[in-house]
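Chemist: just the structure for this:
(4 chains)
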Amino acid sequence: MKFRRGKLISLLLLICFAVVSVAGCGGAATEKEPVTTGEVGDTLRLGAIYPLTGPLAKLGQEEQKGAQIAADLRNDAGGINGNKIEWIFADAPTPEAGVSEAERLITVEKVPVIMGSYSSGVAYAASAVAEKNKVIYWENSGVADNITQRGFKYLFRFGITGTSLGETTIKMLRDVIAPELGKDPKDYKIGVIWEDSSFGTSVGQGAIGLAKELGYNVVFTESYSAKTTDLSSLVMKLKQNDIDILIPTSYVADGLLLFKQMQELNFVPEAVIMGGNATQDLKAAMGEKINGLAHSDITQPRTNEAMAPGLEAFMKEYKERYGSEPYSGHVIRAYAGANVLFDVLEKAGSTDADKIAEAARSLDLPLGSTAAGWGVKFAPEGDPMMGTNERAEAYGCIWYKDEIFTVWPVEGQLEDVEVLVPWPAR
Amino acid sequence: MEIWMQILVNGILTGGIFALISIGLTLIFGVMNIINFAHGEFLMISMYLVYWMNVKMGMDPYVAIIFIIPIMFVVGLVVYKATLNPIIERSELFTILMTVALMILLQNLALMLWNADIRSINIDYAASAIGTENIRFGITKIASFAIAIGTAIGLMIILSRTWIGKSIKATSQNRTAAKLMGVDTIRTYTIAFALGIATVGIAGAALAPIFSIYPTVGTQFGTASFVVVVLGGLGNVPGAIIGGLIIGLIDSISGFLLPVGFKEAIYLGVFLLVLLLKPNGLFGQGAAGGGR
Amino acid sequence: MSYIKSIINNKAKLFLTLIAAVAIMAMLVPASAGNAFIQNMIIMMLLWAGLASAWNIIGGYAGQLSLGHAGFFGIGAYTVVLLAVKLEVSPWLGLIAAVFLAVVAAVIIGWPCFRLQGPFFALATVAVGEVLRILAINFSDLTYGTNGISVKMEFGLGFMLFREKWAYGIMAIAFLALVLYAVKKLEKSRLGYYLVAIREDQDAARSLGVKASRAKLTAYMISAAFTAIGGVIYAQYILYIDPDSVFASALSMQMVLMTIVGGMGTLWGPVLGAVLMVPLDQFIRAYFGGSVHGLHMVIYAVILILVILVIPRGIGPTLSDWVKKYDKKAESEGDRI
Amino acid sequence: MKPILEVKKVSKLFGGLPAVNNVSFDLAENEILGLIGPNGAGKTTLFNLISGYHEISKGDILYRGHKISGFLPEQVCSQGIVRTFQVVKPFGEMTVEENVMVGAFCRTADPNRARVKAQETINFVGLDKYAAMQARNLTIADRKRLEFARALATEPKILMLDEVMAGLRPNEVDDSLELIRKVRASGITIIIVEHIMRAIMTICERILVLDHGELIAEGTPQEVTSNKKVIEAYLGKEESADV
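Modeler: Prediction:
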């Protein structure tokens, strides 16, 4: 190994590469001056981090659409204090990418606010960077509870937590499914299963927690890997415990595999209440067999306008642009969350983090005042769940005539939806 | 008792799927010592092709197999010639890394071209099953089991009867000796790789009705197929069938007795045990062992 | 020219200060402009250079293709964070525990797996990496499972947690310098010669008295120890770890790719690989990430394929070969450089 | 004088076929023993068994009275028995000096002393011109000499040379014979496998003849060449009949 000359040469090469890469990226990513909302007519640049590649890409891209529509509609209506809104989107499929993109948005693009992030892991890592740099992190969709349990001053979570998603599956059972089947919820054998990511875990635990609190009979709980090629052994365990009410929390692909194998193995529970992921792909795959499947999920397109003002305007805009129904509730949540963020920025009148935080905390909007139907009241400083929106709750919904309708709470119901159970046999 | 019967049935039918996926790999890995990390991605491509045939031309996935075989054969040829052939002489490290690069490339090409929607072929018999009240056989799973057997037999006939089959076997045993006997090893490798990818194509067609189709679906099948190939012994096609059944049974039984999350860990554990105790696989003649 | 050569070649210490100089210079340039994005990239570049050099010990020098090194990375990250969160142990002690655990894991994994040859050793390490990831997901009462763990926000040297970026820069430089110094020492030691001999022809080496499995195991333990240190630094820097980010097989592949691109079995290969690939990855993502989905990964993959095809032994050795050809031509024409 | 090496009824079966069948012989200290026989007689296999490269199916090998059958190759080498390979196995990426240093490291952990030992051995075998050259660039003859030097650098007690002189020109063979004599003079016992009869006859004091894995003759060079069975083994049945 004694090619001395080679060692010297590659050594010099390393030096010039390091310098070039530094100078190169120094130039390529020249910092842009921050814009305060003060000057009318300027552009207000806001950052947004979503997983736009990798396994979570589908819903990351949906939330991106919601943010874009919100900005365009707001710009048509005069923007924020006369400033035009411009989103700078960043792709972060992993927590590590979340950190580097947050760094770029904060120091190079000089954004005052970052909205994110669909994946809880990315939300976790990127919000820590924002907090360290005194930049507002506006989380719409990360559901893992622990995101807002770190006492961050500049972190606000507009969307619901996993626990709330889980609890609504039990409320659906108590207020909608059990009365429909004419049975006392305590008589049911409940099975709670979830895919083992932070999303599935927090929803599953939320459901189990409330069920036990209400004294319901949870006989079987288990998690599985979303990347599994076979769930028949899990279905056999459900059969063995003769589960009446199944509460699965899964992404679309594993959910489909589960439902197919349930039918193959002739396992027919009284009702299935799925945690989240009521999406068009699910309907496309199951066709009319999907009717009767219940979900606890974020706001669905078919929700009463009384409870979700501005939803119809959004639906119209989405159909015009993409020529189809929204893929799922995720785009609505992003749209509603973005609008609330714009209101907060307008109220704060500046890009200073403390002013924005103060404006956000001062909001006190009742339920039914945003396009997602939620209110806005962020848990105050010092609260263990500081930054969580206390007026955001998951809704119960059910597939009826090949479309998904909100049925719980009652104010959200569009028309008299016929709750069809038992589900898969139909 | 009937539950255990059903578990065994599930194990065998899932085993059929594992076997079908692994036949292509045992040919490529067995003959050319290439660990193909993009194996799952070729499966994904074939699933997408079958999906478009079903959606655009209304063709049933199992009928589509006839078109999938030649198409995937060509895909295998092109990919091998463009990326693997130039570096086949180098150490296996480079071929492994090339397949990793291919994995990244194919996944993201699919994401770019067909976006990230989660698609599935909803043919009416997709979820139906036959059998008694408690012992059910999924139609699509029986079909994939039969296709696995058929593909294995077909491949064995090609390997033993045809001229190209013999040259593939010769090259896999000893490349230099085969070269001395006038076997054009470059052509043999190209055809062996293409044949392997065509077999993966068949697997894709058989799995399309069972699984959803999205750019990263391939990653699900990666590790399991390596386990099956090593269990069955390198390049041993019947071994891949039996290896697949064993892994299928382990998957079904361990999934029932233990929390489902540990399934994969268990058959990876079995894989490590086999590698250490019987390095040549249960039946194969691969040279996994390090001698003394 | 020859004057510089004489200094550089014989003074190991000088070589060490050179790395530090290069890295600090790279740090200071953006530090003044407060450009955290560049600093973040430099830190990741140094961290990855250290990790790739650690892998190089077992992969490059000993030729043992370990594709499960993310396992040691994950052990390092989880040990330090769990000790801090559950037992209030300072990360510096956690670091020592992490290195110890990684070495123990290396022995448990290495001893059986080294009896396997070529692709089977590689596959065994992939399987081990996957098993570790699955255990981290499913033993949630110990590892908090997929919820992941966040490092407590207590800043200060005692907690190995800093507000300023350059502090992490120093830690990353120290890590890289430590690994490169160890590799340089290894290269010149008996173990170093033995490892290369094993890579070239294990049977011949054993017939000359080289205790092959002991040498490979020692190299594996050293490599695991440094990879675990890398895991500790990653955890203290990113402040959040979960099974899929620290045990991901993509991490193992990344370490291998950088060493290959830079030049396997050479001192400078992995560093060169990291210096090229980390900025490349972050730049393409920054430019193309937001727009066409997946385009930046396609570009990354295509560049990777081209590099593997065009450069047989990695950029470092290939460049030094060109330089030698240039030298021979220069010598033959009499004008020595 | 107790023999330095005793091979007792050693056999090696490859899948039932005896490559070496019930071979026994002793090796006296400081002797040069020749081992000849037609191709495939089991000569290299015998080397592999003594050096621990292959496991012994039956029988024992004693080195200075204690059993070494079952030892790993590296253990056999540290005992003092080292072999060269018929098909040379150089460390291609390493220079000649580094190759020999690997052997020298058998006796010392210190790189500098190993380097000195390597340089001595390289000069001894006459490879000093190529010390800094990478092994993969050597000619076949020089690679054989490198194999020889590497083995010597381990300071062995018994040196087993497997066709070290194959493919050499006559003057190179003479140089090698001279080297072997010098090595023997330094107190090392040598076993040589060669097909070049001229070399075997001049250098060896005693010769063993192997055929189909069995020892068919033993004795001085003259005794062995006149032995009927040996001629039959080499030249086949009828030829030998009318000699």
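Chemist: the most centrally placed residue in chain A in helix, strand or coil?
Modeler: Closest residue to the average C-alpha location of chain A: residue A:141 at 2.6 Å, with CA atoms, centre = their mean. Under DSSP: H, G, I helix; E, B strand; the rest coil, residue A:141 falls in the coil class.
Chemist: for the closest residue to chain D within the stretch 301-426 of chain A, list the residues it contacts.
Modeler: Residue nearest to chain D within the stretch 301-426 of chain A: residue A:330 (55.0 Å; CB to the nearest CB). Bear in mind the C-beta positions are built from the backbone N, C-alpha and C, glycine included. With contacts defined as CB atoms under 8 Å, 6 or more residues apart in numbering or on different chains, residue A:330 is in contact with A:59, A:62, A:63, A:66, A:118, A:141, A:298.
Chemist: with residue C:41 instead?
Modeler: So residue C:41 contacts A:25, A:100, C:278, C:279, C:282 (CB under 8 Å, 6+ apart).
Chemist: what about the second one, distance to chain D?
Modeler: If I follow you right, that is residue A:100. The gap separating residue A:100 from chain D is 37 Å, by CB to the nearest CB, to the nearest Å.
Chemist: mind checking pLDDT for that residue?
Modeler: pLDDT, residue A:100: 85.
Chemist: the helix or strand encompassing it vs chain B: in contact?
Modeler: Assigned by DSSP states H and E, residue A:100 belongs to helix A:95-103. No - using CB under 8 Å from any CB of the partner chain, helix A:95-103 stays clear of chain B, coming no nearer than 14.2 Å.
Chemist: listing partners with orientation, what would you give for the following helix or strand past that helix?
Modeler: Sequence order places strand A:113-116 as the next helix or strand after helix A:95-103, per DSSP H and E. Here strand A:113-116 is paired, per DSSP bridges, with strand A:43-50 (parallel), strand A:136-139 (parallel).
Chemist: the helices in chain A, which residues?
Modeler: A:4-28, A:57-76, A:95-103, A:120-132, A:162-172, A:178-181, A:198-213, A:232-240, A:252-264, A:280-286, A:311-322, A:330-348, A:353-362 (DSSP state H).
Chemist: now the shortest one: how far from the chain's centre is it?
Modeler: Taking CA atoms, centre = their mean, to the nearest Å, one finds helix A:178-181 lying 30 Å from the centre of the chain it belongs to.
Chemist: what does the stretch 101-250 of chain B have sitting close to chain A?
Modeler: With CB under 8 Å from any CB as the criterion, the stretch 101-250 of chain B comes near chain A at residues B:108, B:111, B:115-120, B:122, B:126-129, B:133-134, B:136, B:138, B:141, B:210-212, B:214-217, B:219-221, B:224.
Chemist: where does the prediction get shaky in the chain?
Modeler: Using chain A. A:1-41, A:419-426 (pLDDT under 70).
Chemist: actually it's chain D I care about, not the one you picked
Modeler: Residue ranges of chain D with pLDDT under 70: D:1, D:236-243.
Chemist: before we move on, back to that, so which of the strands paired with strand A:113-116 is nearest residue A:273?
Modeler: strand A:136-139 (25.5 Å; CB to CB).
Chemist: hang on, the earlier thing: how about the helix holding residue A:100, does it get close to chain C?
Modeler: Yes - contact of helix A:95-103 with chain C (CB under 8 Å from any CB) involves A:95, A:96, A:97, A:99, A:100, A:101, A:103.
Chemist: just the CA trace of that helix, in PDB.
Modeler: In PDB, the C-alpha atoms belonging to helix A:95-103 read as follows (Å, rounded to 0.1, in the frame of the first residue of the first chain):
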ATOM      1  CA  PRO A  95     -36.200  12.200  10.000                       C
ATOM      2  CA  GLU A  96     -32.600  12.800   8.900                       C
ATOM      3  CA  ALA A  97     -33.900  14.400   5.700                       C
ATOM      4  CA  GLY A  98     -36.400  16.400   7.800                       C
ATOM      5  CA  VAL A  99     -33.500  17.900   9.800                       C
ATOM      6  CA  SER A 100     -31.400  18.900   6.800                       C
ATOM      7  CA  GLU A 101     -34.400  20.300   4.900                       C
ATOM      8  CA  ALA A 102     -35.600  22.200   8.000                       C
ATOM      9  CA  GLU A 103     -32.000  23.700   8.200                       C
END
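Chemist: what sits up against stretch D:41-53?
Modeler: Contacts for stretch D:41-53 (CB under 8 Å, 6+ apart): B:292, C:203, C:207, D:5, D:7, D:10, D:12, D:19-21, D:23, D:35-37, D:54, D:56, D:61, D:68-73, D:75-77, D:81-83, D:86, D:160, D:162, D:191, D:193, D:210-213, D:233.
Chemist: please parse the chain into its domains.
Modeler: No chain in the question, so chain A it is. Listed by automatic domain parsing, the domain ranges of chain A are A:7-160+A:308-361, A:163-297+A:395-412.
Chemist: ah, no, chain D please
Modeler: Chain D is divided into the following domains under automatic domain parsing: D:25-43+D:196-243, D:65-161.
Chemist: including mean neighbour count, could those domains go into CSV?
Modeler: Shown next, in CSV, are these (neighbours: other CB atoms under 10 Å in any protein chain shown):
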stretch, mean neighbour count
domain D:25-43+D:196-243, 17
domain D:65-161, 20
